[in-house]
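1. sequence plus the predicted model coming up.
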Amino acid sequence: MVEANRTVVIPLKIPEGSRSDFHQTILPYAYCQQEAVDHCWPDTPTRPDDLQTSKRDAESALYDRLREDTDELLNANLVQKAIKDATAAIGSCKTSWENGDRISKPDFYDRELPGYTMTYDKRAATYSRYEATFSTLTGTVTCRYELPAEIEGTPYGEYVLDRRWSFSTSKLVFDGEQFWLHAVMQRRFGDDPVYAPTSDDSGSDTHEDTHRVLGVDLNVDGATAVTSTGQFYGNADALNAYRTEQEQLRGELQQTGTRSAHLRFQQRRGVEWRYYDQYAHHVANSIKQEALRVRATHVAFEELTRIRKRISNLPKFQHWLFNKVQMYTAYKLERYGVTVETINPADTSRACSRTDCDCVDEDNRDGKHFECLACGYTVNADYNAAKNIGFRYLSDNLSNPAGRTRSSGQATSQLALVSGTLSPIGDFAEHEWVSTDKPHPQQASESSDSERSRVG
């Protein structure tokens, strides 16, 4: 199964008199966050490994005491989520330290802005299509969503009202004036069957003569990175919204023109770019973990020089971000012997990734929806592109006969997919990306049922 996540930001209508319920709840919540930080961060850490990042260990050591310290008024799950927030923040610090960046101990009491964030899963909140109910110190508070007059075409209409998407762990955000729900919507897609992975006698599904490629597609909207195994990482929409907010804030500070505004302008810029850099680290870490999980030998991206020409949304920033993600992924995987490569991106978003179909047509893709005009294959467009990127690398890598064999003879080439790997049959090096001007219905009837798939 392919799992996709999207974050929809929804303004909340707080019942009269209930704002203080949330303001009171954040106090013990922040206390639990800071206690977890103090537990996991030694007085004088000398190396990244001195920082403790295990949520399980922190929760085992702190949960009972924190429940007692908060008089058991704070929902038990909120205590757990506060600990997780803290370990996640320390994990980010540890990653930055490992990459040579300066870090400081997280402080959940020292906020530059008067806002705050609390994490709610379905044990501490109830989510529906038009309202959400949250646990607080004084009981539950039900908040209606403030919706626009025209819902069609909005993220709310596309994800929240679509019954194929369901609510997952989300965040309640107060920005100093307005309450928001950062609703994480989740959906699972079906995927096409794959050939059984090649195995050696030892039982391992990789060996020295195996090329196993993880394809990765980078995007300016939706998920920042999508892998050929159907994993979706990052939220480019939320990132761009954050960037727009920061640009507006900088503009306001520049117009003010005072010395304090100038100092705050400089300070915010540093905070903003550290946020982007940490975001790139997060996406790269996710790709690294997925590559190690599927035992990939190579991770394939598109070449950035071609990507930049195709980006219309903030091209300079997106190019910088994509470059950081690729660079950090390569750096993080180098110690494991996994190679990060790039391929020519031509037609990877328009070509059908079915191995028995050679259709390449710009009408195959409509936004995030891909439906092949020739064989009818239907799937998430970014996932389709990620598979094509992996296939393209295999094709280019094997086009040199000298690269087809290794110590034990014929090398096995595999693309990592959702439920296993696919080992192309025949001379895969001859696979071409042939454009077609019109659909070929006969291909649909001739294609193998074992590879046919449709999105649910």
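-> Alright, I've got the coordinates. Model, not experiment: these values are computed from the prediction. Numbers count the residues shown, from 1 in each chain.
2. start to end distance for stretch 165-182?
-> 15 Å (CA to CA, to the nearest Å).
3. revised request: answer the last question for stretch 230-242.
-> By CA to CA, the extent of stretch 230-242 from end to end equals 26 Å.
4. can you point out the buried residues in that stretch?
-> 230, 231, 232, 233, 234, 235, 236, 237, 238, 239, 240 (16 or more other CB atoms under 10 Å). (Each C-beta comes from the backbone N, C-alpha and C, glycine too.)
5. and that stretch, average pLDDT?
-> Averaged across stretch 230-242, pLDDT comes to 85.
6. stretch 57-70 too?
-> 94.
7. next one: that stretch to chain centre, how far?
-> 30 Å (CA atoms, centre = their mean, to the nearest Å).
8. and what of stretch 73-84?
-> 24 Å.
9. residue 186 touches residue 165, doesn't it?
-> Yes - contact status for residue 186 versus residue 165: in contact at 6.7 Å, counting by CB atoms under 8 Å.
10. who has more neighbours out of those two?
-> residue 165 (20 against 15; other CB atoms under 10 Å).
11. ok now do that one, which residues does it touch?
-> Neighbouring residues of residue 165 by CB atoms under 8 Å, 6 or more residues apart in numbering: 6, 159, 185, 186, 187.
12. what residues are up against the first one?
-> For residue 6, the residues meeting the contact criterion (CB under 8 Å, 6+ apart) are 155, 159, 165, 184, 185, 187, 222, 235, 237.
13. from those, which single one is nearest residue 396?
-> Of all the contacts of residue 6, residue 396 sits closest to residue 222, with 26.6 Å by CB to CB.
14. can I assume that closest one sits in a strand?
-> No - assigned with DSSP: H, G, I helix; E, B strand; the rest coil, residue 222 falls outside any strand and is coil.
15. report how many residues lie close to it.
-> Residue 222 has 18 neighbouring residues, counting by other CB under 10 Å.
16. so it makes contact with residue 236?
-> Yes - contact criterion CB under 8 Å: residue 222 and residue 236 qualify, at 6.1 Å.
17. hey, what's in contact with both of those two?
-> Joint contacts of residue 222 and residue 236 (CB under 8 Å, 6+ apart) do not exist.
18. what residues go with each domain of the chain?
-> Using automatic domain parsing, the domain ranges for the chain come out as 2-187, 190-234+276-451.
19. for residue 251, which of these is the nearest?
-> Nearest to residue 251 among the domains of the chain is domain 190-234+276-451 (15.7 Å), distances taken as CB to CB.
20. do a quick rundown of the strands in the stretch 201-350 of the chain.
-> 210-218, 225-227, 232-233, 298-302, 339-343 (DSSP state E, counting those that start in this stretch).
21. the stretch 51-200 of the chain now?
-> So, for the stretch 51-200 of the chain - with DSSP E, counting those that start in this stretch - the strands run 116-120, 125-127, 131-136, 139-145, 166-167, 170-174, 179-189.
22. tabulate these (JSON lines), appending distance to residue 380 and mean pLDDT.
-> Formatted as JSON lines, the strands of the stretch 51-200 of the chain follow (distance: least, CB to CB, whole Å; pLDDT from 0 to 100):
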{"stretch": "strand 116-120", "distance to residue 380": "27", "mean pLDDT": "93"}
{"stretch": "strand 125-127", "distance to residue 380": "24", "mean pLDDT": "94"}
{"stretch": "strand 131-136", "distance to residue 380": "27", "mean pLDDT": "95"}
{"stretch": "strand 139-145", "distance to residue 380": "26", "mean pLDDT": "95"}
{"stretch": "strand 166-167", "distance to residue 380": "17", "mean pLDDT": "92"}
{"stretch": "strand 170-174", "distance to residue 380": "22", "mean pLDDT": "94"}
{"stretch": "strand 179-189", "distance to residue 380": "6", "mean pLDDT": "87"}
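23. thank you kindly, that will do.
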